[in-house]
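[1] predicted model, plus sequence, below.
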Amino acid sequence: MDGKAPNSLEVISQNIGSMVDTTILAIESSCDDTAAAVCSNGKILSNIIANQAVHEKYGGVVPELASRAHLQNIVPVVTEALKVADCNLSSIDAIAFTQAPGLIGSLLVGAQFAKSLALSLNKPLIAVHHMQAHVLANLIADEKPSFPFLCLTVSGGHTQIVLCESPLKMKVIGETIDDAAGEAFDKTAKLLGLPYPGGPLVDKYAQQGNPNRFQFPEPKIPGLNFSFSGLKTSILYFLNNAGTSNVFKEEFKVSETDKKIFIDQNLADICASVQDRIISILINKLKKAAKEYKINQICIAGGVSANSGLRKALKETGEKMGWQTFIPAFQYCTDNAAMIAITAHFKYLNNDFSDLSISPSPRAIWS
Ligand code: KG4
Ligand code: ZN
């Protein structure tokens, strides 16, 4: 011990760690990434991801193509995860998989693979909720938040503020009523003519732009909920009128050529201004939640938490507000199996196993 009092998670791990020795193989296939990871006693030994480039030309994920690509990728990805972790199937104590939410065809591939492995190896099966796993990605690093903490989970399909009281006790206290933050990034990119997924590209261009150049409206949504669909519409009208008016109305419309010239000449400033607005919407709600729940342990998670502007804004806000902030390493922000493995680790310690009759579900029902 270095003289610091252990936080509550360390206490749990210390107490139970001496009783059980677990190595878990985890599989994630909820959308368009096929991923596998191995975790031993809460420590990630491997984290392998196969991305699916096939969707790029369609401007979004094509569900059937995603399922087919998962079928092709799953064996090599699992084999590689075991190899990097320097273990084999006989040393695995349990098989975990993403059970919900996601694209049903994609989930089915991972679920069926995990169930078959569990059956053939006679090992327990652990079903993991993808959104809970995003939150628990914050427990992978050595420096962990103590409980209770708040997590802003921002991904392609979800935007949530989660109150996390223990590894397996979580409650959604705020969420989007329409688009997710990742969708706001991706739809902005699409309107700007950038390829899918556009979030990382908006981030890249924003780094060279002026975030105060264009002003986009902030939605007035009560409580801790979010809305991004109005922002998307205002960006559409703004681009249609080539920035000639701050009135976001459909009537002001320039030619497609003038619109393209406007975008080309102002790409960095548009990206920086849109990103700045998305971040201010997220951070303002996080401040409200922290105040309401009197919590100063604040985390972010999900694909959008890879955004450089959001990471910087969280750190700066944390310093001002006296928060302790936590951001997962880049590889644990976007979809990955390490987050499934760490969640399964806590479920294993809690004897929370599933039988082979379990089915995946496309919807995000929290247990
Ligand atoms: O968590 P994730 O990998 O998959 C889902 O569960 O949805 O999140 C994907 C989302 C996409 O919308 C993608 O554009 C966004 O995360 N994203 C980013 C960045 N990296 C990924 N958005 C903004 N800036 C980034 N650097
Ligand atoms: Zn995700």
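    Perfect, thanks for sending it. Numbers count the residues shown, from 1 in each chain. Ligands and ions are numbered 1, 2, ... in the order given.
[2] contacting residues for the closest residue to ligand 2 within the stretch 201-350 of the chain?
    Ranked by C-beta to the ion, the top residue of the stretch 201-350 of the chain for proximity to ligand 2 is Asp335, at 4.5 Å. Any C-beta I mention is one placed from the backbone N, CA and C, and that applies to glycine too. For Asp335, the contacting residues are 28, 30-31, 33, 35, 49, 130, 155, 303, by C-beta atoms under 8 Å, 6 or more residues apart in numbering.
[3] backbone phi and psi for it, please?
    phi -60, psi 130 (degrees, to the nearest 10).
[4] kindly state the pLDDT recorded for it?
    The model reports Asp335 with a pLDDT of 95.
[5] quick one, helices of the stretch 151-300 of the chain?
    181-191, 199-206, 229-240, 256-293 (DSSP state H, counting those that start in this stretch).
[6] distance to Ile340 and mean neighbour count added to these, as TSV?
    Below are those laid out as TSV (distance: least, C-beta to C-beta, whole Å; neighbours: other C-beta atoms under 10 Å):
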stretch	distance to Ile340	mean neighbour count
helix 181-191	19	24
helix 199-206	22	21
helix 229-240	30	19
helix 256-293	24	18
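[7] ok, whichever residue of the stretch 251-367 of the chain sits closest to ligand 1 - contacts?
    Relative to ligand 1, the nearest point of the stretch 251-367 of the chain is Gly303 (2.1 Å; C-beta to the nearest ligand atom). Contacts for Gly303 (C-beta under 8 Å, 6+ apart) come out as 154-156, 182, 199, 333-335.
[8] repeat that for Asp32.
    Per C-beta under 8 Å, 6+ apart, neighbours of Asp32: 51-52, 55, 61, 66, 69, 106.
[9] just the buried ones from those residues?
    52, 55, 61, 66, 69, 106 (16 or more other C-beta atoms under 10 Å).
[10] keep only those residues that also lie close to ligand 2.
    Subset of those in contact with ligand 2: empty, counting by C-beta under 5 Å from the ion.
[11] Ser146 touches Ile298, doesn't it?
    No. The criterion here is C-beta atoms under 8 Å, and Ser146 misses it with Ile298 at 11.6 Å.
[12] spell out which parts of this protein neighbour ligand 1.
    Residues of the chain lying close to ligand 1 by C-beta under 6 Å from any ligand atom are 31, 155-157, 182, 185-186, 197, 199-200, 203, 302-304, 306-307, 334-335.
[13] picking up where we left off before, chain neighbours aside, what residue packs nearest to the residue of the stretch 251-367 of the chain closest to ligand 1?
    Thr334 (4.4 Å; C-beta to C-beta, 6 or more residues apart in numbering).
[14] next one: Phe97
    That would be Ala114: by C-beta to C-beta, 6+ apart, it lies 3.6 Å from Phe97.
[15] cool, and Gly193?
    Ile263 (6.7 Å).
[16] what's near enough to touch the one you found?
    Neighbours of Ile263 in contact, by C-beta under 8 Å, 6+ apart: 192-193, 239, 270.
[17] report the two of those separated the most.
    Gly193 and Ile270 (11.3 Å; C-beta to C-beta).
[18] for ligand 2, what are the nearby residues on the stretch 201-350 of the chain?
    Contact residues (C-beta under 5 Å from the ion) of the stretch 201-350 of the chain with ligand 2: Asp335.
[19] low-confidence stretches in the stretch 201-350 of the chain?
    245-252 (pLDDT under 70).
[20] just to check, Pro200 is in contact with Ala306?
    Yes. Taking contacts as C-beta under 8 Å, Pro200 lies within contact range of Ala306: 7.2 Å.
[21] host element of the closest residue to Gly42 other than its chain neighbours?
    Take Gly42 and drop its neighbours on the chain: the residue closest to it by C-beta to C-beta, 6+ apart is His345, 4.9 Å away. Per DSSP states H and E: His345 is located in helix 338-349.
[22] where does the residue of the stretch 151-300 of the chain found nearest ligand 2 land on pLDDT?
    Residue nearest to ligand 2 within the stretch 151-300 of the chain (C-beta to the ion): Ser155, separated by 4.2 Å. pLDDT, Ser155: 94.
[23] got the contact list for Ala69?
    Ala69 is in contact with 32, 34, 50, 52, 54, counting by C-beta under 8 Å, 6+ apart.
[24] make TSV from these and add pLDDT, secondary structure and distance to Leu119 to it.
    TSV is the format used below for those (pLDDT from 0 to 100; DSSP: H, G, I helix; E, B strand; the rest coil; distance: C-beta to C-beta, whole Å):
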residue	pLDDT	secondary structure	distance to Leu119
Asp32	89	coil	27
Thr34	97	strand	21
Ala50	94	strand	24
Gln52	80	coil	27
Val54	81	helix	30
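[25] where along the protein do the strands fall?
    23-28, 33-40, 43-51, 94-100, 125-129, 149-154, 159-166, 169-175, 297-301, 324-326 (DSSP state E).
[26] could you check the angle strand 33-40 makes with the longest one?
    In other words, strand 43-51. Angular relation of strand 43-51 and strand 33-40 on a 0 to 180 degree scale: 170 degrees, by axes from the mean of the first three to the mean of the last three C-alpha atoms, to 10 degrees.
[27] chain center to strand 43-51, what's the gap?
    15 Å (C-alpha atoms, centre = their mean, to the nearest Å).
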